[in-house]
Every structure is written in C-alpha cells, then in structure tokens.
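# Any chance you could fold what I've pasted below:
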Amino acid sequence: MTIDGPILRIFEVRTKPGCSRRLLENFETTSADVVRNKSGNLGYFFGNCIQNKDNIVMFVSVWENLDAVKNRFGGDWQKSYLPDGYEDLIEECSIRHLDASSGWRVTGFS
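Numbers count the residues shown, from 1 in each chain. As a prediction, the model looks like this:
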C-alpha cells in the first residue's frame, strides 16, 4: 500500500495509575528522539486526555507518507515501539496510522 500524503502515527496509552506525568516527560525526551530529525518526519505532538481519563496519553508523529513510516520503523511499523522503561509505565497501548492527505492543514504551530 502506498499513500502519497501525510500520515499521522498515533500512539495511545492507558498508563498505570500515577504514571501519566512520567510518561509525558518521557514523550518529551525519549519519544521525541525516536522521530525528531528522522527522514520523512514532519513533526510530533503529545498530550493527555481531558475527558475524565487522566491515565490516557497520546504521542502523535506526522510523516510525509506511509513509506517514510515504514522506513523509520521497519517491518514492525504497525506495532507500538516501546523504548526502554516504557513498559513499567504502561497498562496497555495501541498504534494507529491515519491518512491525513484529505484534511492536512498546518496552522498555528510554533
């Protein structure tokens, strides 16, 4: 499958109780290093859910196309990539990829 437009790679996590803040700190350093300045990466953002789910956090990276995702994450591109120490903070996680080519607009990011 080839998708020529931008791809959102969404890593969604339900953290263990009391671990959300620590995982968000890891997103700022470790997870950012996984994607920052990598070929095909257009940026990333992360945060926690504000709808009565304090233990739900997400890390979203934006990629030029699906081939860029596959080049960065290899044969396991459809699986969550967990840097060392993440498993101690995570109850469960998932990875999703969204084709953003039909609705991609960059505004207001600094």
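
# okay, CA-based contacts and neighbour counts for the rest of this
Will do.

# Please work out the average pLDDT along the helix or strand that Asp67 is a member of.
Following DSSP states H and E, one finds Asp67 within helix 66-73. For helix 66-73, mean pLDDT rounds to 95.

# what's next to stretch 43-58, contact-wise?
Outside stretch 43-58, the residues that touch it by CA atoms under 8 Å, 6 or more residues apart in numbering are 10-20, 24, 27, 32, 35-36, 59-63.

# Buried residues of that stretch, list them for me.
Using 16 or more other CA atoms under 10 Å as the test for burial, stretch 43-58 gives 43-44, 46, 48, 54-58.

# CA-only coordinates of stretch 72-90 in CSV, if you can.
Presented in CSV, the C-alpha positions along stretch 72-90 are these (Å, rounded to 0.1, in the frame of the first residue of the first chain):
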residue,chain,number,x,y,z
ARG,A,72,11.7,4.6,10.2
PHE,A,73,10.0,1.7,12.0
GLY,A,74,10.8,-1.2,9.6
GLY,A,75,8.8,-4.4,9.4
ASP,A,76,7.2,-3.8,12.8
TRP,A,77,5.8,-0.4,11.7
GLN,A,78,2.2,-1.5,12.7
LYS,A,79,3.3,-2.3,16.2
SER,A,80,4.0,0.1,19.1
TYR,A,81,7.6,1.0,19.6
LEU,A,82,8.4,0.9,23.3
PRO,A,83,11.7,2.5,24.3
ASP,A,84,13.4,1.1,27.5
GLY,A,85,11.5,1.7,30.7
TYR,A,86,8.1,2.4,29.0
GLU,A,87,6.6,-1.0,29.8
ASP,A,88,6.9,-0.1,33.6
LEU,A,89,4.5,2.8,33.0
ILE,A,90,2.0,1.3,30.6
